[in-house]
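Student: Below are the sequence and a predicted model; questions follow.
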Amino acid sequence: MKRKLLFGVLLLIVAAAGLTVLFQKQIGERLFAQGAASRIDNAGLDLGDGLHLILCGTGSPLPNPDRAGPCNVVVADDQAFVVDIGEGGARNLNLIGFDIASLDGLLLTHFHSDHIDGMGPLALFYWTQGSATAPLPLIGPQGVERVADGFNAAYALDHGYRVAHHGTDIVPETGGGLRAMPFAIGEQPVVVLERGGLRITAFRVDHDPVRPSVGYRFDYKGRSIVISGDAARSPMLDRAAKGADILVHDALQPGLVGAMTSALEADGQANTAKITRDILDYHASPEDAARSAQVAGVGRLVLSHLVPPIPNAFFYPAFIGDAATYFEGEITVGEDGMVFSLMPDTSAIKLGKRL
(Lines give C-alpha, C1' and ligand atoms only; values in the text may rest on other atoms or scores of the structure.)
Protein backbone atom coordinates (compact mmCIF):
# COMPACT_ATOMS: atom_id res chain seq x y z
CA MET A 1 0.00 0.00 0.00
CA LYS A 2 2.79 2.40 0.94
CA ARG A 3 4.63 1.59 -2.29
CA LYS A 4 1.51 2.33 -4.37
CA LEU A 5 1.01 5.64 -2.53
CA LEU A 6 4.65 6.61 -3.04
CA PHE A 7 4.44 5.66 -6.71
CA GLY A 8 1.30 7.78 -7.09
CA VAL A 9 2.97 10.78 -5.48
CA LEU A 10 5.96 10.40 -7.79
CA LEU A 11 3.65 10.25 -10.80
CA LEU A 12 1.94 13.46 -9.67
CA ILE A 13 5.30 15.21 -9.24
CA VAL A 14 6.46 14.10 -12.68
CA ALA A 15 3.17 15.19 -14.23
CA ALA A 16 3.29 18.58 -12.50
CA ALA A 17 6.87 19.10 -13.64
CA GLY A 18 5.88 18.19 -17.19
CA LEU A 19 2.95 20.59 -17.20
CA THR A 20 5.14 23.35 -15.79
CA VAL A 21 7.65 22.91 -18.61
CA LEU A 22 4.86 22.69 -21.19
CA PHE A 23 3.15 25.87 -19.99
CA GLN A 24 6.24 27.65 -18.63
CA LYS A 25 5.75 30.68 -20.87
CA GLN A 26 2.14 31.23 -19.82
CA ILE A 27 2.87 30.57 -16.13
CA GLY A 28 5.84 32.94 -16.22
CA GLU A 29 3.82 35.72 -17.83
CA ARG A 30 1.03 35.43 -15.27
CA LEU A 31 3.36 35.23 -12.26
CA PHE A 32 5.37 38.21 -13.50
CA ALA A 33 2.25 40.33 -14.00
CA GLN A 34 0.98 39.45 -10.51
CA GLY A 35 4.39 40.14 -8.95
CA ALA A 36 4.80 43.47 -10.74
CA ALA A 37 1.35 44.65 -9.68
CA SER A 38 1.97 43.62 -6.08
CA ARG A 39 5.40 45.26 -5.92
CA ILE A 40 4.21 48.55 -7.42
CA ASP A 41 1.16 48.62 -5.15
CA ASN A 42 3.31 48.06 -2.04
CA ALA A 43 6.26 50.23 -3.06
CA GLY A 44 5.24 53.42 -1.26
CA LEU A 45 7.23 54.46 1.79
CA ASP A 46 5.01 56.25 4.32
CA LEU A 47 7.21 57.46 7.18
CA GLY A 48 4.98 60.06 8.82
CA ASP A 49 6.05 63.25 10.56
CA GLY A 50 9.40 63.11 12.32
CA LEU A 51 13.05 62.84 11.30
CA HIS A 52 14.00 59.73 9.36
CA LEU A 53 17.23 58.26 8.01
CA ILE A 54 17.35 55.78 5.12
CA LEU A 55 20.62 54.02 4.32
CA CYS A 56 20.51 53.59 0.55
CA GLY A 57 24.21 52.71 0.29
CA THR A 58 26.71 51.63 2.95
CA GLY A 59 29.58 50.42 0.78
CA SER A 60 32.83 51.88 -0.52
CA PRO A 61 34.76 51.88 -3.82
CA LEU A 62 35.84 48.29 -3.08
CA PRO A 63 33.39 45.90 -4.79
CA ASN A 64 30.63 44.46 -2.63
CA PRO A 65 27.54 42.85 -4.23
CA ASP A 66 25.41 43.51 -1.12
CA ARG A 67 26.13 47.23 -0.68
CA ALA A 68 25.72 50.23 -2.96
CA GLY A 69 28.12 53.15 -2.77
CA PRO A 70 27.68 55.83 -0.07
CA CYS A 71 24.07 57.03 -0.04
CA ASN A 72 21.80 58.40 2.69
CA VAL A 73 18.36 59.98 2.67
CA VAL A 74 17.13 62.25 5.45
CA VAL A 75 13.38 62.91 5.57
CA ALA A 76 11.72 65.56 7.74
CA ASP A 77 7.96 65.38 7.26
CA ASP A 78 7.47 66.42 3.60
CA GLN A 79 11.09 67.43 2.97
CA ALA A 80 13.70 64.92 1.76
CA PHE A 81 17.38 65.21 0.91
CA VAL A 82 19.86 62.66 -0.37
CA VAL A 83 23.36 62.95 1.10
CA ASP A 84 25.92 61.57 -1.37
CA ILE A 85 24.92 59.21 -4.14
CA GLY A 86 27.30 56.37 -4.89
CA GLU A 87 26.87 53.75 -7.57
CA GLY A 88 23.68 51.74 -7.01
CA GLY A 89 22.15 54.27 -4.62
CA ALA A 90 19.33 55.32 -6.95
CA ARG A 91 18.57 51.67 -7.70
CA ASN A 92 18.21 50.98 -3.99
CA LEU A 93 15.93 53.98 -3.50
CA ASN A 94 13.57 52.55 -6.10
CA LEU A 95 13.69 49.10 -4.51
CA ILE A 96 13.00 50.61 -1.07
CA GLY A 97 9.94 52.36 -2.46
CA PHE A 98 11.21 55.90 -1.99
CA ASP A 99 9.63 58.52 -4.26
CA ILE A 100 12.70 60.05 -5.93
CA ALA A 101 10.52 62.67 -7.62
CA SER A 102 9.70 64.07 -4.16
CA LEU A 103 13.30 65.02 -3.39
CA ASP A 104 14.13 68.57 -2.39
CA GLY A 105 17.78 68.23 -3.24
CA LEU A 106 21.04 66.28 -3.25
CA LEU A 107 23.82 67.26 -0.83
CA LEU A 108 27.42 66.25 -1.47
CA THR A 109 30.01 65.92 1.29
CA HIS A 110 32.93 65.98 -1.16
CA PHE A 111 33.73 65.06 -4.74
CA HIS A 112 35.43 61.68 -4.55
CA SER A 113 34.10 59.53 -7.39
CA ASP A 114 32.41 56.97 -5.14
CA HIS A 115 30.24 59.72 -3.61
CA ILE A 116 29.03 61.16 -6.92
CA ASP A 117 28.98 58.33 -9.48
CA GLY A 118 25.28 57.63 -8.91
CA MET A 119 24.24 61.21 -9.72
CA GLY A 120 23.26 60.45 -13.31
CA PRO A 121 20.58 57.84 -12.49
CA LEU A 122 19.29 59.89 -9.54
CA ALA A 123 18.83 63.02 -11.67
CA LEU A 124 17.22 60.93 -14.42
CA PHE A 125 14.66 59.36 -12.05
CA TYR A 126 13.94 62.75 -10.47
CA TRP A 127 13.14 64.14 -13.92
CA THR A 128 11.25 61.24 -15.48
CA GLN A 129 9.28 59.89 -12.51
CA GLY A 130 7.79 63.27 -11.65
CA SER A 131 7.95 65.20 -14.94
CA ALA A 132 10.19 67.73 -13.19
CA THR A 133 10.26 71.11 -14.89
CA ALA A 134 13.60 72.09 -13.31
CA PRO A 135 16.89 70.27 -12.65
CA LEU A 136 17.57 68.50 -9.36
CA PRO A 137 19.09 70.99 -6.86
CA LEU A 138 22.68 70.00 -6.07
CA ILE A 139 23.99 71.50 -2.81
CA GLY A 140 27.65 71.29 -1.90
CA PRO A 141 30.81 73.16 -1.02
CA GLN A 142 32.88 75.19 -3.47
CA GLY A 143 33.55 73.22 -6.65
CA VAL A 144 30.12 71.64 -6.87
CA GLU A 145 29.47 73.78 -9.96
CA ARG A 146 32.15 71.88 -11.89
CA VAL A 147 30.62 68.56 -10.88
CA ALA A 148 27.14 69.63 -12.03
CA ASP A 149 28.47 71.04 -15.31
CA GLY A 150 30.34 67.81 -16.04
CA PHE A 151 27.35 65.56 -15.44
CA ASN A 152 25.06 67.86 -17.40
CA ALA A 153 27.44 67.77 -20.36
CA ALA A 154 27.76 63.98 -20.19
CA TYR A 155 23.97 63.53 -20.21
CA ALA A 156 23.16 66.23 -22.78
CA LEU A 157 22.64 63.81 -25.67
CA ASP A 158 20.57 61.49 -23.49
CA HIS A 159 18.41 64.47 -22.51
CA GLY A 160 17.59 65.19 -26.13
CA TYR A 161 16.80 61.56 -26.93
CA ARG A 162 14.31 61.27 -24.07
CA VAL A 163 12.49 64.50 -24.90
CA ALA A 164 12.18 63.42 -28.52
CA HIS A 165 10.93 59.96 -27.58
CA HIS A 166 8.57 60.60 -24.66
CA GLY A 167 7.45 64.18 -25.29
CA THR A 168 7.59 67.29 -23.15
CA ASP A 169 4.49 66.37 -21.14
CA ILE A 170 6.41 63.46 -19.63
CA VAL A 171 9.94 64.89 -19.68
CA PRO A 172 9.82 68.70 -19.86
CA GLU A 173 12.78 70.18 -21.71
CA THR A 174 13.48 72.52 -18.80
CA GLY A 175 13.95 69.55 -16.45
CA GLY A 176 16.70 66.97 -16.27
CA GLY A 177 20.23 67.33 -15.02
CA LEU A 178 21.45 69.19 -11.94
CA ARG A 179 21.44 72.78 -10.73
CA ALA A 180 24.47 73.64 -8.58
CA MET A 181 23.89 75.54 -5.32
CA PRO A 182 27.37 76.08 -3.82
CA PHE A 183 28.17 77.34 -0.34
CA ALA A 184 31.44 78.55 1.17
CA ILE A 185 32.84 76.59 4.11
CA GLY A 186 35.57 77.69 6.50
CA GLU A 187 36.45 76.74 10.04
CA GLN A 188 32.96 77.52 11.35
CA PRO A 189 29.79 75.52 10.56
CA VAL A 190 27.38 77.05 8.04
CA VAL A 191 23.60 76.72 7.92
CA VAL A 192 22.90 75.79 4.30
CA LEU A 193 19.11 75.49 4.58
CA GLU A 194 16.43 76.37 7.12
CA ARG A 195 12.73 75.97 6.38
CA GLY A 196 9.64 74.23 7.70
CA GLY A 197 11.32 73.53 11.02
CA LEU A 198 14.27 71.75 9.40
CA ARG A 199 17.79 73.12 9.75
CA ILE A 200 20.73 71.66 7.77
CA THR A 201 24.19 72.67 8.94
CA ALA A 202 27.43 71.92 7.08
CA PHE A 203 30.72 71.58 8.95
CA ARG A 204 34.27 70.96 7.76
CA VAL A 205 35.83 67.54 8.35
CA ASP A 206 39.38 66.20 8.03
CA HIS A 207 39.67 64.20 4.82
CA ASP A 208 42.96 65.72 3.64
CA PRO A 209 44.11 66.04 0.92
CA VAL A 210 40.46 66.19 -0.17
CA ARG A 211 39.27 69.78 0.28
CA PRO A 212 36.61 70.99 0.64
CA SER A 213 35.12 68.09 2.58
CA VAL A 214 32.14 68.46 4.89
CA GLY A 215 29.62 66.63 7.02
CA TYR A 216 25.99 67.60 7.61
CA ARG A 217 23.78 67.92 10.66
CA PHE A 218 19.97 67.76 10.37
CA ASP A 219 17.82 69.18 13.20
CA TYR A 220 14.03 68.83 13.20
CA LYS A 221 11.49 69.05 16.04
CA GLY A 222 14.04 68.30 18.72
CA ARG A 223 15.64 65.32 16.93
CA SER A 224 18.96 65.31 15.11
CA ILE A 225 21.04 63.24 12.68
CA VAL A 226 24.68 63.86 11.78
CA ILE A 227 26.38 62.39 8.70
CA SER A 228 30.16 62.56 8.76
CA GLY A 229 30.93 62.04 5.10
CA ASP A 230 34.48 60.69 4.82
CA ALA A 231 36.45 61.84 7.82
CA ALA A 232 39.32 61.06 10.12
CA ARG A 233 38.56 61.85 13.73
CA SER A 234 38.70 65.57 14.53
CA PRO A 235 37.40 68.05 17.14
CA MET A 236 35.32 69.71 14.39
CA LEU A 237 33.19 66.62 13.95
CA ASP A 238 32.97 65.98 17.71
CA ARG A 239 31.56 69.48 18.20
CA ALA A 240 29.14 69.28 15.28
CA ALA A 241 27.69 65.99 16.55
CA LYS A 242 27.10 67.27 20.09
CA GLY A 243 23.95 65.70 21.51
CA ALA A 244 22.77 64.20 18.20
CA ASP A 245 20.40 61.25 18.25
CA ILE A 246 22.28 59.43 15.49
CA LEU A 247 25.82 59.82 14.18
CA VAL A 248 26.39 58.11 10.82
CA HIS A 249 30.16 57.74 10.56
CA ASP A 250 32.36 56.24 7.88
CA ALA A 251 34.44 53.36 9.21
CA LEU A 252 37.61 51.59 8.12
CA GLN A 253 38.92 48.63 10.11
CA PRO A 254 42.75 48.85 9.89
CA GLY A 255 43.37 45.23 10.88
CA LEU A 256 41.12 43.83 8.15
CA VAL A 257 42.45 46.28 5.57
CA GLY A 258 45.95 45.18 6.54
CA ALA A 259 45.03 41.57 5.81
CA MET A 260 43.65 42.64 2.43
CA THR A 261 46.82 44.58 1.66
CA SER A 262 49.00 41.57 2.46
CA ALA A 263 46.89 39.37 0.17
CA LEU A 264 47.15 41.92 -2.65
CA GLU A 265 50.91 42.15 -2.29
CA ALA A 266 51.24 38.37 -2.28
CA ASP A 267 49.22 38.28 -5.51
CA GLY A 268 51.46 40.87 -7.16
CA GLN A 269 48.79 43.62 -7.21
CA ALA A 270 51.16 46.36 -6.07
CA ASN A 271 49.05 49.30 -7.27
CA THR A 272 45.92 48.26 -5.39
CA ALA A 273 48.00 47.38 -2.32
CA LYS A 274 49.45 50.92 -2.35
CA ILE A 275 45.93 52.35 -2.40
CA THR A 276 44.74 50.19 0.51
CA ARG A 277 47.75 51.39 2.53
CA ASP A 278 47.11 55.04 1.62
CA ILE A 279 43.46 55.03 2.71
CA LEU A 280 44.35 54.28 6.32
CA ASP A 281 45.13 57.91 7.16
CA TYR A 282 41.94 59.71 6.08
CA HIS A 283 39.16 57.47 7.36
CA ALA A 284 38.09 56.85 10.95
CA SER A 285 38.35 53.38 12.44
CA PRO A 286 35.29 51.99 14.25
CA GLU A 287 37.14 52.77 17.47
CA ASP A 288 37.75 56.39 16.38
CA ALA A 289 34.08 56.76 15.43
CA ALA A 290 33.11 55.37 18.85
CA ARG A 291 35.37 57.88 20.61
CA SER A 292 33.72 60.72 18.71
CA ALA A 293 30.25 59.40 19.54
CA GLN A 294 31.13 59.22 23.23
CA VAL A 295 32.64 62.71 23.37
CA ALA A 296 29.65 64.14 21.47
CA GLY A 297 27.15 62.28 23.64
CA VAL A 298 25.16 60.88 20.71
CA GLY A 299 22.37 58.36 21.17
CA ARG A 300 23.41 55.80 18.54
CA LEU A 301 26.43 55.29 16.32
CA VAL A 302 25.78 53.91 12.83
CA LEU A 303 28.85 52.74 10.93
CA SER A 304 28.70 53.13 7.16
CA HIS A 305 30.96 53.42 4.09
CA LEU A 306 32.44 50.14 5.34
CA VAL A 307 36.05 49.37 4.41
CA PRO A 308 36.96 46.65 3.62
CA PRO A 309 33.85 44.93 2.21
CA ILE A 310 32.21 42.75 4.87
CA PRO A 311 30.91 39.41 3.47
CA ASN A 312 28.09 39.02 6.02
CA ALA A 313 27.04 39.72 9.61
CA PHE A 314 29.29 36.97 10.97
CA PHE A 315 32.22 39.35 10.45
CA TYR A 316 30.63 42.34 12.23
CA PRO A 317 32.41 41.73 15.57
CA ALA A 318 35.76 41.58 13.77
CA PHE A 319 34.90 44.80 11.95
CA ILE A 320 33.70 46.67 15.06
CA GLY A 321 36.81 45.64 16.94
CA ASP A 322 37.09 47.37 20.32
CA ALA A 323 34.66 50.18 19.50
CA ALA A 324 32.21 49.14 22.22
CA THR A 325 34.81 49.86 24.89
CA TYR A 326 34.85 53.53 23.86
CA PHE A 327 31.12 54.20 23.42
CA GLU A 328 28.40 53.55 25.96
CA GLY A 329 25.54 53.75 23.45
CA GLU A 330 24.37 51.35 20.77
CA ILE A 331 26.57 50.66 17.74
CA THR A 332 24.91 49.56 14.49
CA VAL A 333 26.77 48.28 11.45
CA GLY A 334 24.82 49.92 8.65
CA GLU A 335 23.16 47.83 5.96
CA ASP A 336 21.51 48.94 2.74
CA GLY A 337 17.79 49.40 3.29
CA MET A 338 17.89 50.26 7.00
CA VAL A 339 15.36 52.94 8.02
CA PHE A 340 15.74 54.82 11.31
CA SER A 341 12.75 56.84 12.53
CA LEU A 342 13.02 59.56 15.19
CA MET A 343 9.61 60.85 16.18
CA PRO A 344 9.10 64.19 17.98
CA ASP A 345 8.63 64.36 21.76
CA THR A 346 10.53 61.14 22.42
CA SER A 347 14.10 59.89 22.52
CA ALA A 348 13.25 56.56 20.90
CA ILE A 349 14.85 55.39 17.67
CA LYS A 350 12.85 52.88 15.62
CA LEU A 351 14.80 50.67 13.21
CA GLY A 352 13.24 48.96 10.19
CA LYS A 353 14.55 47.25 7.05
CA ARG A 354 13.27 47.70 3.50
CA LEU A 355 15.71 45.54 1.51
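Tutor: Okay, I see it.
Student: Now do the domain split for the chain, please.
Tutor: Per automatic domain parsing, the domain ranges recorded for the chain read 1-37, 45-353.
Student: how far out from the middle of the chain is the last one?
Tutor: Between the centre of domain 45-353 and the centre of its chain there are 5 Å (C-alpha atoms, centre = their mean, to the nearest Å).
Student: circling back: can you add mean neighbour count and mean pLDDT and give the domains of the chain back as TSV?
Tutor: (Glycine included, C-beta is placed from N, CA and C.) Converted to TSV, the domains of the chain look like this (neighbours: other C-beta atoms under 10 Å; pLDDT from 0 to 100):
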stretch	mean neighbour count	mean pLDDT
domain 1-37	10	73
domain 45-353	19	97
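Student: So which residues of the stretch 251-355 of the chain form helices?
Tutor: For the stretch 251-355 of the chain, the helices defined by DSSP state H, counting those that start in this stretch cover 254-266, 270-278, 286-296, 316-320.
Student: Break down the stretch 51-200 of the chain into its strands, ranges please.
Tutor: Assigned by DSSP state E, counting those that start in this stretch, the stretch 51-200 of the chain shows strands spanning 51-57, 71-76, 79-85, 105-107, 136-141, 178-183, 190-195, 198-204.
Student: partners of the second one in the sheet?
Tutor: Taking DSSP bridges as the criterion, strand 71-76 forms sheet pairs with strand 51-57 (antiparallel), strand 79-85 (antiparallel).
Student: now that strand and strand 198-204, what's the angle there?
Tutor: Relative orientation of strand 71-76 versus strand 198-204 (axes from the mean of the first three to the mean of the last three C-alpha atoms, to 10 degrees): 140 degrees.
Student: What are the contacting residues of strand 71-76?
Tutor: 47, 50-57, 80-86, 88-89, 92-93, 98, 118, 196-198, 218, 220-221, 225, 227, 248, 304 (C-beta atoms under 8 Å, 6 or more residues apart in numbering).
Student: Nearest to Ile27 among the strands paired with strand 71-76 would be which one?
Tutor: For Ile27, the closest of these is strand 51-57, at 33.9 Å, according to C-beta to C-beta.
Student: so what's the closest residue to Asp66 other than its chain neighbours up against?
Tutor: The shortest distance from Asp66 to any non-neighbouring residue, by C-beta to C-beta, 6 or more residues apart in numbering, is to Asp336 (7.0 Å). Contacts for Asp336 (C-beta under 8 Å, 6+ apart) come out as 55-59, 66-68, 92, 355.
Student: Report the central residue of the chain.
Tutor: Cys71 (2.1 Å; C-alpha atoms, centre = their mean).
Student: any chance of the strands of the stretch 51-200 of the chain in TSV, plus distance to Met236?
Tutor: Shown next, in TSV, are the strands of the stretch 51-200 of the chain (distance: least, C-beta to C-beta, whole Å):
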stretch	distance to Met236
strand 51-57	21
strand 71-76	19
strand 79-85	17
strand 105-107	18
strand 136-141	14
strand 178-183	16
strand 190-195	12
strand 198-204	6
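Student: can you tell which of these is closest to Asp158?
Tutor: Among those, the nearest to Asp158 by C-beta to C-beta is strand 178-183 (13.4 Å).
Student: Give the other helices and strands that that closest one contacts.
Tutor: In terms of contacts (3 or more C-beta pairs under 8 Å, 6 or more residues apart in numbering; DSSP states H and E), strand 178-183 is packed against strand 136-141, helix 144-154.
Student: out of those, nearest to Lys25?
Tutor: Taking C-beta to C-beta, helix 144-154 is the member of the helices and strands packed on strand 178-183 nearest to Lys25, at 39.8 Å.
Student: List of residues touching that closest one?
Tutor: Here helix 144-154 makes contact (C-beta under 8 Å, 6+ apart) with 108, 111, 116, 119-120, 123, 135, 138, 140, 177-182.
Student: can we see that at 7 Å?
Tutor: The contact list for helix 144-154 (C-beta atoms under 7 Å, 6 or more residues apart in numbering) reads 108, 111, 116, 119-120, 138, 177-180, 182.
Student: Same question for stretch 165-183.
Tutor: So stretch 165-183 is contacted by 119, 123, 127-128, 131-142, 144-145, 148, 151-152, 155, 159, 162-163, 190, 192, 202 (C-beta under 7 Å, 6+ apart).
Student: how does it look with 8 Å?
Tutor: Taking C-beta under 8 Å, 6+ apart as the rule, stretch 165-183 contacts 105-106, 119, 123-124, 127-128, 131-145, 147-149, 151-152, 155, 159, 162-163, 190, 192, 202.
Student: do the same with stretch 249-257
Tutor: Residues from elsewhere that reach stretch 249-257 (C-beta under 8 Å, 6+ apart): 70, 228-231, 276, 279-280, 283-286, 289, 292-293, 301-308, 318-319, 321.
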